[in-house]
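Visitor: structure here, sequence nowhere to be found:
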């Protein structure tokens, strides 16, 4: 049975307005990690809210492990993390908050204690347990938020911008912990985030929507399309005498204004990287000081796609 | 039945959690705690100065009366509690617990927690104002007797406003006027029993008198004014039932209206 199903899911907020989400169809299998992407106002949060029962669809249906979204059975197996909405109580200690959240989800007694212990060890927050939530840093608080969402061992975790506002270190730590948890408990993850490094780190599949309509559903590599084969090569030279290589047509020179740095782009299925590097090496000779290779980022890909929607 | 009992246990626990939360954030109420003895002294002095009748209470009793009504009033319709309840509305729709039951028990717990803090303060202040501690204890014992029912009333009014805030955020602006109406009509400035006729009878007819003046009068005098405990209980239960019906209506409307926003 699929973990999440959207069948003809639509939402219209006023009878005269247009549909915020229009006839959305997708299925997410148990254990999958799916990113739900789209520009601002695309209908991502509205869809997430319909999936977790906060909003009722105007037409169509949303199912959570076969249960109608918003039903008691569905709510018991869903975990929710909202980056902009806290489940914790500012003036209480972290341990007291976990205790309450466990009881909200009917986890009591020894089972509750063991489960909290397990997550506390996994997320390495033992020293935070007796601290009041108001004294935590944002990174520490988000870790606790994620634990609060996982206490009842949800089969599905819906995470809406879980790393919003976090610095690079805290972001990486949180991602690493979510990945570790998902590997251990084999849970379904649906993530919305404007930080595409989250998506690349945690998800293998993505669903892209715009103006409430699904535009793409597939793997991240498929989303990148031809751009997945494109590599950027950055060459640093030690001299200004030698210009960039412009005679090799398969190696596209990107014109920029840095004197000692030359940037190129190549498509690996047309021009293998080994050949590209060898051509560059012979062109620059001894003046080649440094060379670096990078892929086209998901941000660039989505930027191009979103711009395409606008025009 | 077992599930029902487990749920009741949970809501009691949640209420207790809120009492603890109230105690763990004493800093935010510090101004209220500081003003509490000043209000008692000031209102009692003013009443003594401007009320020519003064036939029902001596000055010590006025201090005790004002202290008791201030305990009830200063914990009535607190904006942070309402904000927490209305803020939890969305999230509760995705949780396996009822928002109404959780918010009600939370508001009830917060109210009890806050009132307990003020009661402790009351016991400390009264001897400083010249009132015998034994008299203050007597008042507090009687107040404790009424606190659960008054807490239910306060939680129902707060819940109504929390639902109303989901419906129309502007209802936020009504909280202050409504609490002031209760302040003026409920005899928080001074005992209604000392008001001249026809206002005394008129004001006693309104619900604020049943939840502020009558409990405070009972605490000081040991009896309700012009009614027996059964009559008072009936009146408060009718008020609570009416609030319950209004809450049901507002919650349903709020749930429907909540569907009008995405994002």
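Guide: Now that the structure is in, tell me what you want to look at. It should be emphasised that the depicted structure is a prediction, and the values quoted were computed from it without experimental measurement. Numbers count the residues shown, from 1 in each chain, chains lettered A, B, ... in the order given.

Visitor: residue B:128 against residue B:40, yeah?
Guide: No - distance between residue B:128 and residue B:40: 10.2 Å, which falls outside the contact criterion (CB atoms under 8 Å). Backbone N, C-alpha and C define where each C-beta goes, glycine included.

Visitor: looking at these two now, which is surrounded by more residues?
Guide: Neighbours were tallied for residue B:128 and for residue B:40 using other CB atoms under 10 Å in any protein chain shown; the higher tally belongs to residue B:40 (26 against 9).

Visitor: near chain B, which residues of the stretch 101-250 of chain A show up?
Guide: Taking CB under 8 Å from any CB of the partner chain as the measure of proximity, the stretch 101-250 of chain A contacts chain B at A:103-106, A:132.

Visitor: name the nearest of those residues relative to residue B:92.
Guide: The closest of those to residue B:92 turns out to be residue A:104 (CB to CB; 9.4 Å).

Visitor: any idea which element the residue lying closest to the closest one once chain neighbours are set aside lies in?
Guide: With CB to CB, 6 or more residues apart in numbering or on different chains as the criterion, residue A:104 has its nearest non-adjacent residue at 5.5 Å, and that residue is residue B:97. For residue B:97, there is no enclosing helix or strand under DSSP states H and E.

Visitor: for residue B:12, see how far away residue B:97 is.
Guide: For residue B:97, the distance to residue B:12 (CB to CB, to the nearest Å) stands at 13 Å.

Visitor: who's more crowded, those two?
Guide: Set side by side, residue B:97 and residue B:12 show more neighbours around residue B:97, with 18 against 13, by other CB under 10 Å.

Visitor: where does residue A:58 fall, phi/psi-wise?
Guide: Main-chain dihedrals, residue A:58, degrees, to the nearest 10: phi -70, psi -40.

Visitor: quick one: contacts for residue B:188?
Guide: B:43, B:66, B:69-70, B:72-73, B:182, B:212 (CB atoms under 8 Å, 6 or more residues apart in numbering or on different chains).

Visitor: of the residues you listed, closest to residue A:237?
Guide: Comparing every one of the contacts of residue B:188 with residue A:237 (CB to CB), the shortest separation belongs to residue B:73, at 78.5 Å.

Visitor: touching, the closest one and residue B:184? I think so.
Guide: No - in this structure, residue B:73 is not within contact of residue B:184 by CB under 8 Å, at 10.8 Å.

Visitor: now the helices for chain A?
Guide: The residue ranges that make up the helices of chain A, judged by DSSP state H, are A:44-51, A:72-77, A:94-104, A:109-122, A:138-150, A:168-185, A:196-202, A:220-224, A:273-284, A:298-310.

Visitor: what about the helices in the stretch 51-200 of chain B?
Guide: Listed in chain order, the helices found in the stretch 51-200 of chain B under DSSP state H, counting those that start in this stretch are B:59-74, B:79-87, B:89-92, B:99-128, B:133-167, B:175-185, B:199-205.

Visitor: closest one to residue B:222 among the ones you listed?
Guide: When these are ranked by distance to residue B:222, counting by CB to CB, first place goes to helix B:133-167 at 6.9 Å.

Visitor: what about residue B:138, distance to chain A?
Guide: Separation of residue B:138 from chain A (CB to the nearest CB, to the nearest Å): 33 Å.

Visitor: please consider this matter closed, and thank you.
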